[in-house]
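*Asks:* Sequence plus the predicted model coming up.
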Amino acid sequence: MPPLTASDETPEAGKIVAEANQELTQIKVLYQQNESKREELRAAMEKNDAALVKRIANEVVDLINSGTSHGQTAIDKIQTAREMRINDDYADYLRLKQESLRLELEAFENYRQAARTLRDNYDPKNTAQRDKVKAEFTKFTDNYRTTMETARSRSREANEVAKAALNKQATN
């Protein structure tokens, strides 16, 4: 990182990003508390228990809605930081971090759609409907996984940029 100038707002931007990270921590807490939901949903589908599928799917939709709110707040905070006068390395880091978060929100939107499909349409007694809903669920969850892998890749890139910038700063 180049030395700070009087007009460099990188330290202030860092404080805003710390606030964004608090929002992300809330998402991680929600995720950890409810990590078993996907498996519970699969088990309920295997049992053809429509009431249980709908209940769990509704819980998943509510959780994702809550997490999405925290995620959007974090993205907005990062955008605020990006609009400040910051050094190039930090700008690159924030760009990647924001891109990663947007991809995560996109991934969770896929999973929310999968849960909504189950909640609103799952009927184990109607074979054609059940098979259609299971196929849609599979499509959305596959999209969730693929998009989440891309998001994690961007997050790793952002972390590498941050490490390189710190190493560069330490050697200067």
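*Replies:* Cool, the structure landed.

*Asks:* got the contact list for the closest residue to residue 48 other than its chain neighbours?
*Replies:* The shortest distance from residue 48 to any non-neighbouring residue, by Cβ to Cβ, 6 or more residues apart in numbering, is to residue 124 (3.5 Å). In this view, the C-beta of every residue, glycine as well, is placed from N, C-alpha and C. Residue 124 makes contact with 48-50, 130, according to Cβ atoms under 8 Å, 6 or more residues apart in numbering.

*Asks:* next one: residue 37
*Replies:* Going by Cβ under 8 Å, 6+ apart, residue 37 touches 56, 59-60, 63.

*Asks:* quick one: which of those is nearest residue 31?
*Replies:* Among the contacts of residue 37, residue 63 lies closest to residue 31 (Cβ to Cβ), at 8.4 Å.

*Asks:* Return the residues in contact with the closest one.
*Replies:* Contacts of residue 63 (Cβ under 8 Å, 6+ apart): 30, 34, 37.

*Asks:* Could I get those in JSON lines, plus columns for distance to residue 120?
*Replies:* Listed next are those as JSON lines, based on distance: Cβ to Cβ, whole Å:
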{"residue": "30", "distance to residue 120": "22"}
{"residue": "34", "distance to residue 120": "20"}
{"residue": "37", "distance to residue 120": "17"}
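
*Asks:* and which of the residues you listed is nearest to residue 71?
*Replies:* Using Cβ to Cβ, the contacts of residue 63 come closest to residue 71 at residue 30, 10.3 Å.
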